[in-house]
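# dropping the sequence and predicted coords here.
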Amino acid sequence: MKVVLSYVKPYKWYAICALVLMLVELAAELVQPLIISKIIDDGIILKDLHVISLWGGLLIGISLIAFASGIFNTYYSAHVAQSFAFDLRNALFSKIQSFSMAIYLKYPTSSLITRLTSDVQQVQSVLFMSLRIMLRAPLSVVLSLMMAFFVNAEMALMLMIGTPILAIFLYVIVKKGSFLFSEVQRRMDKLNRALQESLQAIYLVKAFMRNHYEMKKFHQVAEDLKVDTMKALRTMELMMPLMAFVLNVSLLFAIWYGAKEISMNRAQVGEMVAVVNYALRITGYFGMFAFILNSFSRAKASSERMAEILIMEEGMEKADGLKEEKVSAEIGAISFKEVSFIYPNTKKPVLQDITFDVKKGEKLAIMGATGSGKSTLLSLIPRFFEPTKGEILVDGKDIKEWPLKKLRSMIGYVPQKSLLFTGTIEDNVKWGKREAAFDEVVAAAKRSQIHETISAFPEGYDTMVGQKGVNLSGGQKQRLSIARALIRKPQILILDDSTSALDVKTEAALWEALKGTKATMLVVTQKIHTAKGADRILLLDEGKISAIGTHEELMQSSELYQQIAHSQEEQVGDE
Ligand SMILES: Nc1ncnc2c1ncn2[C@@H]1O[C@H](COP(=O)(O)OP(=O)(O)OP(=O)(O)O)[C@@H](O)[C@H]1O
């Protein structure tokens, strides 16, 4: 909780103002029973109109002060809570941005989303309530009790009979509630995950007519969330009548004692009215306690989930400066030296003793069966993951020694799955280089063979894509992703099977255009005719290099390559 609450610090003066105003409002409320007791004892019983109007006037003045304090308190509380949530969300987002891929794999996306939305919301609303009403409840209880002591100490003492029992109840509630609500937030993660997966796979769901199955799956996680939330709320709500019972019994003792004292002329009626008034306030505020503790336990569970992210140190990527670094165009030779790799949380090596060199400007095709480790091999170059053994060099220098920003500045990476962001086509290409001029966008689009398609759209480069825009075809998305990488004029271009959806003619034209660049290229492909266009081909087999050489060399030396080539020739023949 401490980590999360440190985000209130910049707004501490607003928070202090809100608290002071809350105290003023509370004090104004608390003196009211005292004034009423004066009106009864010195005014009504003694029939003194002057006293009644004097105290009455004061009562109205104090009520106005309470009203004004309440309004300003709400204003400051809202300012603190909103600003706190804004900063906290940004801090969490920035922390998540610098997660290494190994940490990403540990947290499902849905869980990160819940932490940034629902968890922040829980703490934000509790902070607002704390500044507005939450602290008021315990403070009112204590101050009402003090006022009751001030009016008549013996009667007030009777009110305190149940205090030890209440203290035990409160302790149990906070402890149990916090545990139960962290379960609720975990259920919320699962609900978000189910929702996310189902919506992302909406085409599949419809094609396979799995709506009912998905409904049932969602129903189950929603049911789990409901059951756990009910369990948590029931535990909290059970405490409420228990507390009310203890308090009411204490009040009965106070009334019995007060009546006895009045009958013996040792106390006045007004005193008893005031004590009962304070006692009723205490009972009322204790009623609020169940709600407060409920929210507090929820916020505690949520803060712990957020703190887990905020305090994470290990496995973070060190961001060295914001700006991308300029890298000499002559850089780009890559060497793998006995590189092996095992994914975190798994035991099986995915790559074993990989050794090869790629010269600056060379075009290397990478082939191999599915699951042979092609994507994994590429993902080690931008340091998404660190090799478990061996080293990777760029221009003779271990990539660990290159500043991360510099290393990534020289790489144009096109993932296997094309991703577009909501925005225009121009925005999407410029995502690769924010400061690029429009001419550069067009040049990159021409190179990736997408310019003509874009020009045919009524709004050209201003066409909206992503969730709110037109839905581009798989091949169009792939070419747009390539344009995004090319606009960076990378020294090293990594294409992870990024031309799979292109027709033969377009792919050949793209390949020709790419060969004209000075970039060193590593291109994963399944197609022999694409591989043929490369300077050399690296063939992977179950994480090991099976062969490396030109098409002609591999046709001579590699049985596996021959098999792939023949099977693709047969396919072409069949067509
Ligand atoms: N995040 C991960 N955690 C654990 N294992 C993984 C992870 N990603 C991939 N693997 C495993 O690593 C192996 C190689 O996967 P990789 O994606 O590199 O293969 P690939 O050759 O690119 O396959 P494809 O051609 O199907 O894309 C596979 O056995 C896969 O199950």
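Thanks, I have the structure now.
# you'd agree P10 is in a helix?
Yes - in this structure, P10 lies within a helix as judged by DSSP: H, G, I helix; E, B strand; the rest coil.
# tell me the contacts of it?
Residues counted as contacts of P10 (C-beta atoms under 8 Å, 6 or more residues apart in numbering) are 83, 87. (Glycine included, C-beta is placed from N, CA and C.)
# run the chain-centre distance for the longest helix anywhere in the chain.
Counting residues, the longest helix found in the chain (DSSP state H) is helix 211-263. Its chain's C-alpha centre and that of helix 211-263 lie 31 Å apart, by C-alpha atoms, centre = their mean, to the nearest Å.
# tell me what the following helix or strand past it is packed against?
Sequence order places helix 269-310 as the next helix or strand after helix 211-263, per DSSP states H and E. Counting contacts by 3 or more C-beta pairs under 8 Å, 6 or more residues apart in numbering; DSSP states H and E, helix 269-310 packs against helix 2-5, helix 12-38, helix 49-97, helix 120-129, helix 136-151, helix 153-159, helix 163-200, helix 211-263.
# counting by contacts, list what the third one packs against.
The elements that helix 49-97 packs onto, with contact taken as 3+ C-beta pairs under 8 Å, 6+ apart, are helix 12-38, helix 120-129, helix 269-310.
# show me what from the chain comes close to the ligand.
105, 343, 346, 350, 368, 370-376, 416 (C-beta under 6 Å from any ligand atom).
# helix/strand/coil for the most centrally placed residue in the chain?
Nearest to the geometric centre of the chain sits L116, at 3.2 Å (C-alpha atoms, centre = their mean). At L116, secondary structure determined by three-state DSSP is helix.
# please apply the same query to I482.
In three-state terms, and counting by three-state DSSP, I482 is helix.
# I'd say it and A501 touch.
No - judged on C-beta atoms under 8 Å, I482 makes no contact with A501 at a distance of 11.5 Å.
# the two: which has the busier surroundings?
Under the criterion of other C-beta atoms under 10 Å, the comparison of I482 against A501 puts I482 first, with 29 against 16.
# residues contacting the more buried one?
Counted by C-beta under 8 Å, 6+ apart, I482 has contacts 414, 448, 450, 495, 498-499, 510.
# I52: how many residues sit nearby?
So I52, with other C-beta under 10 Å, has 17 neighbours.
# tell me how far it lies from the ligand.
Note on I52: its distance to the ligand, by C-beta to the nearest ligand atom, to the nearest Å, is 79 Å.
# which residue comes closest to that residue once chain neighbours are left out?
Using C-beta to C-beta, 6 or more residues apart in numbering and skipping residues adjacent in sequence, the residue nearest I52 is G43, 3.8 Å away.
# for Q476, what are its contacts?
450, 453.
# equivalent analysis for the one 3 residues further on, please.
R479 is in contact with 448-450, 453, 502, 506, 510, counting by C-beta under 8 Å, 6+ apart.
# so which of those residues is the most crowded?
Counting by other C-beta under 10 Å, S448 has the largest number of neighbours within those, with 27 neighbours.
# now the phi/psi pair for it, please.
S448 adopts backbone torsions of phi -90, psi 20, taken as degrees, to the nearest 10.
# for the stretch 151-300 of the chain, which spans come out with low pLDDT?
Filtered on pLDDT under 70, the stretch 151-300 of the chain yields the residue ranges 240, 287, 289-290.
# can you count the residues close to the closest residue in space to R187 that isn't next to it in sequence?
Distances taken as C-beta to C-beta, 6+ apart put L225 closest to R187, at 4.2 Å, once the chain neighbours are dropped. Each residue near L225 was counted by other C-beta under 10 Å, and the total is 19.
# how about E313?
Using other C-beta under 10 Å, E313 has 5 other residues around it.
# quick one, what contacts it?
E313 makes contact with no residue under the criterion C-beta under 8 Å, 6+ apart.
# what helix or strand is it on?
If you go by DSSP H and E, E313 is not part of any helix or strand.
# quick check: phi and psi at it.
Main-chain dihedrals, E313, degrees, to the nearest 10: phi -120, psi -40.
# confidence score at it?
We have a pLDDT of 77 for E313.
# where are the low-confidence patches of the stretch 1-150 of the chain?
Regions of the stretch 1-150 of the chain meeting the criterion pLDDT under 70 are absent.
# closest residue of it to the ligand?
Proximity of the stretch 1-150 of the chain to the ligand (C-beta to the nearest ligand atom) peaks at L105, 5.4 Å away.
# please identify the helix or strand for that residue.
helix 101-106.
# pretty sure F169 is touching L242, no?
Yes - between F169 and L242 there is a contact under C-beta under 8 Å: 6.2 Å.
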